[in-house]
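[1] the sequence isn't on hand, but the structure is:
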Ligand code: HSE
């Protein structure tokens, strides 16, 4: 049985979802993959830090994370670490980086990932900032050290659009990618169809936890643009800087426009796309009024979808969650299995 020691930066929703998956399926993964995942270190700016080289008890960890005092209420060692100190000290094989997203600099996550790679850890992140902005430099460092980078959760959480696009469609000739890549905006547009105001719908999306801490990232299209940049780099092998992605959000779409479109059998959707134009791929995020027969027009609420238009297969559409505690935790798990049991994942 191979034991994989994990260090976690951040113990918020996604980390808790991932821990819950491990706690509930520990024996199954040991049996199926001959792998046991141990959480040996955590650094979270609010919930505290932890060091347990034998692997913390996952049930106790989950319980402690919801108690006052957080992780620091657990028995064991609680070094006074920040994330960087934890990475420099943790006896871990892989870093799971789940700190906040910064689409301007990619920091501090890029520094955490770089430091972990330098210290010979494989890395996984669900954080769009470092991957949209600095994937090439991180991938070069990983190659140099013969390490892996897992980024499945950066686009559509655990719905496996990156893995399918990169691996399973790489010989099908992808000519265009179109997607509903942001759940908050799709939820708002869906609610507006029922007569709810933009402001009410945004408040509901925030209350339900879909929206980013600063929802401007969602409604102005920055979040979707970061995902377009990641798809360009990872699926198409194209380096498309975020600043070169044409971007319009949904803030100018009115209730009247949404309802008029619905009455005419159409739907407004915020579409992120990559299309081949004048000899190169062009990246865009903009509201599009799609006929109801379009596969992406059928996708409502916070659900996401991606349509790969390919030369050999025609259109391949994948619909699924784009966010969520367990859903994004599942992306982390799949990346780990891909690192440590590649034959198990295809
Ligand atoms: N705020 C994002 C969304 C979360 O609404 O889709 C997932 O990236």
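    Structure's in. What do you need? Since the structure is predicted, the reported quantities are computational estimates derived from the model, not experimental observations. Residues are numbered from 1 along each chain as shown.

[2] every contact and neighbour count from this point should use C-alpha atoms.
    OK.

[3] quick one: the helices in the stretch 1-150 of the chain?
    13-33, 58-65, 83-89, 109-118, 128-145 (DSSP state H, counting those that start in this stretch).

[4] make CSV out of the ones you listed and add mean pLDDT, distance to the ligand and mean neighbour count.
    Below are the helices of the stretch 1-150 of the chain laid out as CSV (pLDDT from 0 to 100; distance: least, CA to the nearest ligand atom, whole Å; neighbours: other CA atoms under 10 Å):
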stretch, mean pLDDT, distance to the ligand, mean neighbour count
helix 13-33, 96, 11, 17
helix 58-65, 93, 22, 17
helix 83-89, 97, 22, 19
helix 109-118, 98, 16, 22
helix 128-145, 97, 8, 19
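
[5] export the ones you listed to a markdown table and tack on distance to residue 180?
    Shown next, in a markdown table, are these (distance: least, CA to CA, whole Å):
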| stretch | distance to residue 180 |
| --- | --- |
| helix 13-33 | 21 |
| helix 58-65 | 32 |
| helix 83-89 | 33 |
| helix 109-118 | 25 |
| helix 128-145 | 16 |
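
[6] which pLDDT value belongs to residue 123?
    With respect to pLDDT, residue 123 has a value of 98.

[7] can you get me a residue count around it?
    Residue 123 has 27 neighbouring residues, counting by other CA atoms under 10 Å.

[8] so what's it bridging to?
    Beta-bridge partners of residue 123, counted by DSSP bridges, are residue 95, residue 149.

[9] same check, this time on residue 271
    Applying DSSP bridges, one finds that residue 271 bridges with residue 286.

[10] just checking, it touches residue 181?
    Yes. With contact defined as CA atoms under 8 Å, residue 271 and residue 181 form a contacting pair (7.3 Å).

[11] tell me where this protein has strands.
    Assigned by DSSP state E, the strands in the chain fall at 2-9, 35-44, 48-51, 94-97, 122-125, 149-150, 174-180, 246-247, 266-277, 280-291, 304-310, 314-320.

[12] nearest to residue 80 among those strands would be which one?
    Evaluated with CA to CA, the strands of the chain place strand 48-51 nearest to residue 80, the distance being 6.9 Å.

[13] OK, contacts around residue 96?
    Neighbouring residues of residue 96 by CA atoms under 8 Å, 6 or more residues apart in numbering: 6-9, 123-125, 332.

[14] export those residues as a markdown table, with columns for distance to residue 161.
    A markdown table is the format used below for these (distance: CA to CA, whole Å):
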| residue | distance to residue 161 |
| --- | --- |
| 6 | 25 |
| 7 | 26 |
| 8 | 24 |
| 9 | 24 |
| 123 | 19 |
| 124 | 16 |
| 125 | 16 |
| 332 | 14 |
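
[15] looking at those, spot the one nearest the ligand.
    Using CA to the nearest ligand atom, residue 125 is the member of the contacts of residue 96 that lies nearest the ligand, at 12.4 Å.

[16] count of neighbours near the closest residue to that closest one other than its chain neighbours?
    Nearest residue to residue 125 in three dimensions, chain neighbours excluded: residue 97, at 4.8 Å (CA to CA, 6 or more residues apart in numbering). Residue 97 has 24 neighbours, counted by other CA under 10 Å.

[17] same question, residue 2
    So residue 2, with other CA under 10 Å, has 11 neighbours.

[18] wait, it touches residue 34, no?
    Yes. Between residue 2 and residue 34 there is a contact under CA under 8 Å: 6.3 Å.

[19] the ligand contacts on this protein?
    182-184, 210-212, 218, 322-323 (CA under 6 Å from any ligand atom).

[20] go with 5 Å
    182-184, 210-212, 323 (CA under 5 Å from any ligand atom).

[21] can you lay out these as TSV showing pLDDT, neighbour count and distance to residue 289?
    Output for those, formatted as TSV (pLDDT from 0 to 100; neighbours: other CA atoms under 10 Å; distance: CA to CA, whole Å):
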residue	pLDDT	neighbour count	distance to residue 289
182	97	31	16
183	96	25	17
184	96	29	18
210	86	21	23
211	86	25	23
212	79	16	25
323	93	26	24
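
[22] circling back: show me which of the contacts of residue 96 are buried.
    Among the contacts of residue 96, the ones that count as buried by 16 or more other CA atoms under 10 Å are 6-9, 123-125, 332.

[23] and the closest residue to residue 210 other than its chain neighbours, what does it touch?
    In space, and not counting its chain neighbours, residue 210 is closest to residue 184: 5.5 Å by CA to CA, 6+ apart. Going by CA under 8 Å, 6+ apart, residue 184 touches 202, 205, 210-211, 218-219, 302.
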